[in-house]
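Participant: What shape does this take:
(chains A and B)
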Amino acid sequence: MRGKKNILIVDDEENIRLLYKEELQDEGFEVDLAENGYEAIEKVRAKDYDLVVLDIKMPGMDGIKTLTEIKSIKKDLPVILCSAYSEYKQDLTSWVSEEYVVKSADTTELKQKIKALLKI
Amino acid sequence: MDLIQVLSKVIDISHSNIDINARINGILKILERNLENSTAAIYVLEKDRRLTLKYSTRRDPLILALSEFRPLLGEGVPGSVAQKREAQLFDIRSLPKRFGFLLLTQLDKVISDYSQFAFLPLSDESRCYGVLMIFSSRGTPFSEGEKRVFELVSKELTGLLKASELYRESGRRITELMALSEIGKVLISGRDLNSILRETALIVAKTLEADYVRILLKEKNGERSFRLTTYGHADDNVKEEIEAIEERLIREKGSLPNTSFDTYSIYAYPLVSKNVVIGVISVLARGEGKDDEKYHLLETISNYLSNGLENIILRAQLNDILAELNSANQRLIEQEKLKSLGEMTANIAHEIKNPLVVIGGFAKRLAKKLPLEQKERRYLNIILNEVSRLENILNEVLAYAKDVPLKRTLINMDELLSELIHFLKSDPHWDKVEIVKECEDGIPPVSCDPEQMKQVFFNIFVNAFEAMGAEGKIVVKIFKTEEGQTGYLCVSISDTGGGIDPLIFDNIFNPFFTTKERGTGLGLSISNKIVLSHRGKIEVENKRGVGATFLVYLPLNQNSTSEAGNGKMAQKKG
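Facilitator: Down below sits the predicted model:
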């Protein structure tokens, strides 16, 4: 069995990155951070992640563009989109992301979905 | 008599500046003064081809008897003189019996006061204006000189009668023009139809010296509703009479009835536009019998008014449309405002969301990681509760502000509501709420977004629950209805929560309006927005003290693809 699962968190807000990192590390994940789409794509190219948590609203290259780019590099890499907009829920089934979560102080949903995708 | 002197006096008076009637009477007096024991009078030929005794200077018994009778042109001696325009002179023996008015027996007693009778036509080449009569009690017949004077005086009198008629005619014309000009001013005043009709009624009353004026106007072509404008007073029986005339005039376009009472006459004339009777103008005026001048005046006014009103009515209709357009525009502006407010709110909400997640997230970590005393843990719980409350508000705001595309499928509404009711009743808080559902037979499936419609009904149910204080009865009915060409499926949800306070009734669909301590005020406005995007509508029936009923209408047989908000607002009924 391989060691810890690697998760890349992409968010332009430093404190969100910190929160998610600590929460996921508590769950036993290896966590890398990227603060924008370009950095995320570089990291995806350089390292084999098990999953990406991707914020939608970011300056420059937004989450949707970044998602398309990531999927063109690694088709099977699961991505969870997350945003403050709950209503994206509906139309995102047509997006190529595997999951969607609404950002919340309660990270239970995020953690559950990560585990489900990683079959833990 | 001094013929030259008489003639010069007659000509003096005839050409003086005094009133025409006074001039005519003055000339009659000169004749009487210069012919011993004589009297003179004038029969005037009127439009109805009868003679009226209009001028006389003495209350002589024969003159009084004649003035009570209006002979036709050709009737009796005066009538024949007027017709033939030839003078006739008689003495008492050659005079035809009773002047030829054989039925006028009262003449027998008074004719014998006189012995010489002269009847002179007052006429020119074109027509006859009247007959001058000179009666004398002297034995000798009128001399040739006197006859010559009579002839010359007749010419003067003819000129005066002609002038008098002209004056009267132009007086009438001036009255008519003044009335028309006043009405014209009112018509172009740009005021609303009601005040135009009121003013017009007043002008007609003034012009026709009427006690009561009614203007009845059809509201719209082809509809049996009328606008009634009245001026002055009339007895109820007279009003009934006028109503009957109006009805007849509207039914039989163009017939012109006139009704005369003992002391009043009714004049009525239809208002016609493009060959259609659009109304009736009726006038009640003092005076027995029909006054042709009044009738003619009313006719002229009616024709003028018909043309003017047509434009006014068109303008009024245009104004109605403009007002409607204006209010639609106003609504649109309001919606735009709300929309931009919504967008701004969404942006703000989005910006707040991230820091809130950070605060809440780390507070949670604190609660988890630090061995806290009980007191501090309570503080942290308060922070966490408030964060989650704020998060809920933000989620609702964001949901309201963004247009969510509809995912339509054909839905069995009865099943959808059963599911929702089952879900609600699984919450023990709802134990004291009875929910009864009735579904009409043969309800077809309706095209809608089931998740969004669940939210619509959920919001209404929750409001009902709170209005009833968690205890009461909710009746749900599903039925079909029609409005115009469109068939609707309607879901009505009635509660026993005492109804909505009328003071807030107008606000219930407005975003951010709430009566709840912890509400966002978005529930009903989201419901309304969703139903509108389905091209349906929500109506509210409010029974104060009993409860409120929300009626949600969804169009049936809908195959439309565009689902943008269609600008209709929710409707409320008191």
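Participant: mind listing the helices for chain A?
Facilitator: Per DSSP state H, chain A carries helices over the ranges A:14-26, A:37-46, A:63-73, A:88-91, A:108-117.
Participant: same check, this time on chain B
Facilitator: B:3-14, B:20-34, B:61-67, B:76-84, B:107-111, B:144-187, B:193-207, B:236-251, B:292-369, B:374-401, B:413-425, B:450-467, B:502-505, B:523-533.
Participant: which residue sits closest to the residue in chain A that chain B sits nearest to in space, ignoring its chain neighbours?
Facilitator: Nearest residue of chain A to chain B, counting by Cβ to the nearest Cβ: A:A105, 2.3 Å away. The way it works is simple: take the backbone N, C-alpha and C, and place the C-beta from them, glycine included. Leaving aside its chain neighbours, A:A105 sits nearest to B:G360 (2.3 Å; criterion: Cβ to Cβ, 6 or more residues apart in numbering or on different chains).
Participant: Report how many residues lie close to the one you found.
Facilitator: B:G360 has 23 neighbouring residues, counting by other Cβ atoms under 10 Å in any protein chain shown.
Participant: could you measure the residue of chain A closest to chain B against B:R365, distance?
Facilitator: 10 Å (Cβ to Cβ, to the nearest Å).
Participant: higher neighbour count, those two?
Facilitator: For A:A105 versus B:R365, neighbours defined as other Cβ under 10 Å are more numerous around A:A105 (21 against 15).
Participant: ok, now which ones touch that one?
Facilitator: Neighbouring residues of A:A105 by Cβ atoms under 8 Å, 6 or more residues apart in numbering or on different chains: B:L356, B:V357, B:I359, B:G360, B:G361, B:A363, B:K364, B:L384, B:V387, B:S388, B:E391.
Participant: Just the buried subset of those, please.
Facilitator: Buried by 16 or more other Cβ atoms under 10 Å in any protein chain shown: B:L356, B:V357, B:I359, B:G360, B:G361, B:A363, B:K364, B:L384, B:V387, B:E391, out of these.
Participant: ok, the residues you listed vs chain A, which is closest?
Facilitator: B:G360 (2.3 Å).
Participant: hang on, the closest one packs against B:S388?
Facilitator: Yes - contact status for B:G360 versus B:S388: in contact at 7.1 Å, counting by Cβ atoms under 8 Å.
Participant: Need the residues touching each of those two.
Facilitator: Counting by Cβ under 8 Å, 6+ apart, the residues touching both B:G360 and B:S388 are A:A105, A:D106.
Participant: How many residues are close by B:L410?
Facilitator: Neighbour count for B:L410, taken as other Cβ under 10 Å: 10.
Participant: Next up, the contacts around B:M413.
Facilitator: Taking Cβ under 8 Å, 6+ apart as the test, what B:M413 contacts is B:C439, B:I443, B:P445, B:V446, B:I478, B:L489, B:V491.
Participant: Now neighbour count, distance to chain A and pLDDT too, for the residues you listed, in a markdown table please.
Facilitator: Formatted as a markdown table, the contacts of B:M413 follow (neighbours: other Cβ atoms under 10 Å in any protein chain shown; distance: Cβ to the nearest Cβ, whole Å; pLDDT from 0 to 100):
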| residue | neighbour count | distance to chain A | pLDDT |
| --- | --- | --- | --- |
| B:C439 | 17 | 28 | 92 |
| B:I443 | 16 | 27 | 90 |
| B:P445 | 14 | 21 | 92 |
| B:V446 | 25 | 20 | 93 |
| B:I478 | 20 | 26 | 95 |
| B:L489 | 23 | 23 | 94 |
| B:V491 | 26 | 23 | 96 |
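Participant: would a markdown table of these with distance to B:L208 be doable?
Facilitator: Below are the contacts of B:M413 laid out as a markdown table (distance: Cβ to Cβ, whole Å):
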| residue | distance to B:L208 |
| --- | --- |
| B:C439 | 67 |
| B:I443 | 65 |
| B:P445 | 69 |
| B:V446 | 64 |
| B:I478 | 64 |
| B:L489 | 61 |
| B:V491 | 62 |
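Participant: Between those residues, which sits nearest B:Q374?
Facilitator: For the contacts of B:M413, the closest approach to B:Q374 (Cβ to Cβ) belongs to B:V491, at 49.4 Å.
Participant: what residues are up against that closest one?
Facilitator: B:V491 sits in contact with B:M413, B:L417, B:F457, B:V476, B:K477, B:I478, B:L551, B:V552, B:L554, where contact means Cβ under 8 Å, 6+ apart.
Participant: Tell me the most packed of these, by neighbour count.
Facilitator: For these, the largest number of neighbours (other Cβ under 10 Å) sits with B:V552, at 25 neighbours.
Participant: thinking it is in contact with B:H534, fair?
Facilitator: No - using Cβ under 8 Å, B:V552 is not in contact with B:H534, being 9.3 Å away.
Participant: returning to that earlier point: next, format the contacts of B:V491 as CSV and append distance to B:D19.
Facilitator: As requested, these are exported to CSV (distance: Cβ to Cβ, whole Å):
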residue, distance to B:D19
B:M413, 90
B:L417, 93
B:F457, 90
B:V476, 90
B:K477, 86
B:I478, 88
B:L551, 79
B:V552, 83
B:L554, 84
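Participant: can you tell me which of the helices of chain A the model trusts least?
Facilitator: Among the helices of chain A, helix A:88-91 has the lowest mean pLDDT, at a mean of 48.
Participant: what bridges to the residue most central in space within chain B?
Facilitator: What sits nearest the mean C-alpha location of chain B, by Cα atoms, centre = their mean, is B:R227, with 3.8 Å. Beta bridges link B:R227 to B:L217 when assigned by DSSP bridges.
Participant: Next, the contact list for it, please.
Facilitator: Shown in contact with B:R227 (Cβ under 8 Å, 6+ apart): B:L193, B:N194, B:L197, B:L216, B:L217, B:K218, B:E219.
Participant: now the third one: how far from B:L298?
Facilitator: Spatial separation of B:L197 from B:L298 under the definition Cβ to Cβ is 16 Å.
Participant: B:A548 reaches B:E541, doesn't it?
Facilitator: Yes - between B:A548 and B:E541 there is a contact under Cβ under 8 Å: 7.1 Å.
Participant: Neighbour count for these two, which is higher?
Facilitator: The neighbour count for B:A548 versus B:E541, taken as other Cβ under 10 Å, is higher for B:A548 (23 against 15).
Participant: In terms of pLDDT, where does that one sit?
Facilitator: Reported pLDDT for B:A548: 93.
Participant: quick one, what contacts it?
Facilitator: Contacts of B:A548 (Cβ under 8 Å, 6+ apart): B:A464, B:A467, B:S494, B:D495, B:G497, B:G499, B:I500, B:V540, B:E541, B:N542.
Participant: Most neighbours of all those, which one?
Facilitator: The contacts of B:A548, ranked by neighbours (other Cβ under 10 Å): first place B:D495, 25 neighbours.
Participant: Could you report the separation of B:T520 from chain A?
Facilitator: Using Cβ to the nearest Cβ, to the nearest Å, B:T520 is found at 14 Å from chain A.
Participant: Would you mind listing the residues in contact with the spatially most central residue of chain A?
Facilitator: Closest to where the C-alpha atoms of chain A average out (Cα atoms, centre = their mean) is A:V53, at 0.8 Å. By Cβ under 8 Å, 6+ apart, the contact set of A:V53 is A:I7, A:L8, A:I9, A:V10, A:D11, A:Y20, A:V79, A:I80, A:C82, A:L110, A:I114.
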